[in-house]
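Undergrad: quick one: sequence plus predicted model below, questions after.
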Amino acid sequence: MLSTPTARSHLHTRAITFYGYAREDGLWDIEGHLRDSKSHPFTTGAKTWNPGEPFHDMWVRLTVDQDLLITAIEVAMDSHPHPECPEVIPPMNMLIGEKLGKGWRKTINTHLGGIKGCTHLRELLANMATAAFQSIPGALFSSDEDKPPLYLGTCKSWDFDGPVVMRVYPQFYQWKK
């Protein structure tokens, strides 16, 4: 828990949530939801948003297979600040056929960077890979038993030279490619 802060006034809330689902057809749905609201009236163009009313309320659903290949994508903008915002939805289909994993952020920027896409949807997409890794059994494991799980070497806890790898995956302790 954080320490007690200095006196302050609440201005903005951004809530981001991810959900992972196993489908009956053997695929997985990974959903991301981003919601922004202000604690005071907020005006964009001709619309004024009431305190707590979301001016961004956006969803992305990626459907992926066992290899984390995107087979379908769905995007919804339940609330957005400008009438042009939904124009970024059709280009999201360019991610179909791409794979979640190494280089995912570059893939997002290649297809949806800058004015081709939406900052908020890119933010959701960037973190949906991690949600997929947490949701899909075996997603971070290679089918080759001589290769370490894909998450080893990606953070302090999973350091190949660290105590967690030594305890949990001793066969990959101090492993070098």
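TA: Perfect, thanks for sending it.
Undergrad: mind listing what's buried in the helix ranked longest in the chain?
TA: Secondary structure of the chain per DSSP state H: the longest helix is helix 119-135. By neighbour count on 16 or more other CB atoms under 10 Å, the buried set for helix 119-135 is 120-125, 127-129, 131-133, 135. The way it works is simple: take the backbone N, C-alpha and C, and place the C-beta from them, glycine included.
Undergrad: ditto for stretch 13-27
TA: Neighbour counts using 16+ other CB under 10 Å place 18, 20, 27 of stretch 13-27 among the buried residues.
Undergrad: and which of the buried residues of helix 119-135 is nearest Asp159?
TA: Asp159 lies nearest to Phe133 out of those, by CB to CB, at 17.9 Å.
Undergrad: what separates the closest one from Tyr151, distance-wise?
TA: 7 Å (CB to CB, to the nearest Å).
Undergrad: quick one: low-confidence parts of this structure?
TA: Within the chain, the ranges that satisfy pLDDT under 70 run 138-144, 177.
Undergrad: mind splitting it into its structural domains?
TA: Here the domain parsing of the chain from automatic domain parsing is 12-138, 140-177.
Undergrad: now, which of the buried residues of stretch 13-27 lie within strands?
TA: Judged by DSSP state E, the subset of the buried residues of stretch 13-27 located in strands is 18, 20.
Undergrad: sorry, back to before: quick one: the buried residues of helix 119-135 as JSON lines, columns for distance to Phe42 too.
TA: Below are these laid out as JSON lines (distance: CB to CB, whole Å):
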{"residue": "His120", "distance to Phe42": "15"}
{"residue": "Leu121", "distance to Phe42": "20"}
{"residue": "Arg122", "distance to Phe42": "22"}
{"residue": "Glu123", "distance to Phe42": "19"}
{"residue": "Leu124", "distance to Phe42": "21"}
{"residue": "Leu125", "distance to Phe42": "25"}
{"residue": "Asn127", "distance to Phe42": "25"}
{"residue": "Met128", "distance to Phe42": "27"}
{"residue": "Ala129", "distance to Phe42": "31"}
{"residue": "Ala131", "distance to Phe42": "29"}
{"residue": "Ala132", "distance to Phe42": "33"}
{"residue": "Phe133", "distance to Phe42": "35"}
{"residue": "Ser135", "distance to Phe42": "34"}
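Undergrad: now, which of those sits nearest Pro170?
TA: Phe133 (22.4 Å).
Undergrad: quick one: the strands in the protein, in order.
TA: According to DSSP E, the strands that the chain contains are 12-22, 28-38, 42-44, 47-49, 56-64, 70-79.
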